[in-house]
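A.B. asks: After the sequence you'll find the predicted model.
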Amino acid sequence: MSRSTTIKLPALNLSSPPRAGVPLRARGRSGSIVKVEEVGDRSMEEVLDRSTYVNINADWVNVKGAWLIHVVLIIFGKIIIDTMPGMTQQISWTLVNLFYLAVTYLMFHWVTGIPFENDLHGGAYDDLTLWEQIDDGAQYTPAKKWLFSVPITLFLASTHYTNYNPWLFAVNLSALIFVIIPKLPQLHRQRVRFLADNASGMATPLTPSFPNSGASTPLFEAPDPVNITEAHFR
């Protein structure tokens, strides 16, 4: 017959703060599904690296003829698409709009850094897109206003020449929103991460670990094995 054992637990006082000798344990939260974080360093060192040399990767948008090239490429693309057999004006304008939005999104909002002479700027543009490099990140400049208005004007033209077809309007509008949102000043240097693996930086509230009670888990002696013989079955 086993004997009863009494275990004494220490009293837990919730009103007093944890003692200095008691370690604290915290469990980090899992990564968020959607996470918005800022990229780039706004320190004085980065400002000096950017201002040392002219960023020719983004300076071309302000040169003479850079604005007109958008109109030329749109007209040139429209002529090429119209030469395809069986092409209608509705599909043609929709394809022109989608192609222009896709190319400008990849060029202005997807690719980061500069493709040449990166060492001259000390890597200050490694995390920045072309849109964020234009005019040193200044907002509402003439170049950015032009680049903001071109896709909207092309969307209005494609909507008109597609005879306001609801399905084509929905496709063109969705593509326009997808390209316009990264141009907003509120999203400057902001990145939206989906299913981020790293922790969110916040942890669950710290809780004191329980100190040792001074008593170990009671141990019971195992009974001796019973020898079973043929006499037990008679």
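C.D. replies: That came through fine. Residues are numbered from 1 along each chain as shown.

A.B. asks: so what's the closest residue to L130 other than its chain neighbours scoring on pLDDT?
C.D. replies: Spatial nearest neighbour of L130, excluding adjacent residues (Cβ to Cβ, 6 or more residues apart in numbering): F108 at 4.9 Å. Yep, even glycine has a C-beta here, placed from its N, CA and C like the rest. In this prediction, F108 carries a pLDDT score of 94.

A.B. asks: Numbering from 57 from now on, please.
C.D. replies: Sure, I'll start numbering at 57, so the last one becomes F164.

A.B. asks: my guess is F164 contacts L203, does it?
C.D. replies: Yes - the pair F164 / L203 is scored as a contact, 7.2 Å apart, by Cβ atoms under 8 Å.

A.B. asks: Find the residues that touch each one of the two.
C.D. replies: 187, 239 (Cβ atoms under 8 Å, 6 or more residues apart in numbering).

A.B. asks: Look at R247 and give its secondary structure.
C.D. replies: At R247, secondary structure determined by DSSP: H, G, I helix; E, B strand; the rest coil is strand.

A.B. asks: show me where pLDDT drops low in the protein?
C.D. replies: When residues are selected by pLDDT under 70, those of the chain lie in 57-88, 96-99, 101-108, 173-179, 252-290.

A.B. asks: quick one: the strands in this structure?
C.D. replies: Under the criterion DSSP state E, strands of the chain are mapped to 80-81, 90-94, 246-250, 263-264.

A.B. asks: right, and those - which one's nearest L212?
C.D. replies: strand 246-250 (27.4 Å; Cβ to Cβ).

A.B. asks: Point out the other helices and strands that the closest one packs with.
C.D. replies: Helices and strands touching strand 246-250, by 3 or more Cβ pairs under 8 Å, 6 or more residues apart in numbering; DSSP states H and E, are strand 90-94.

A.B. asks: which neighbours does the strand it packs on have in its sheet, and in what orientation?
C.D. replies: strand 246-250 (antiparallel) (DSSP bridges).
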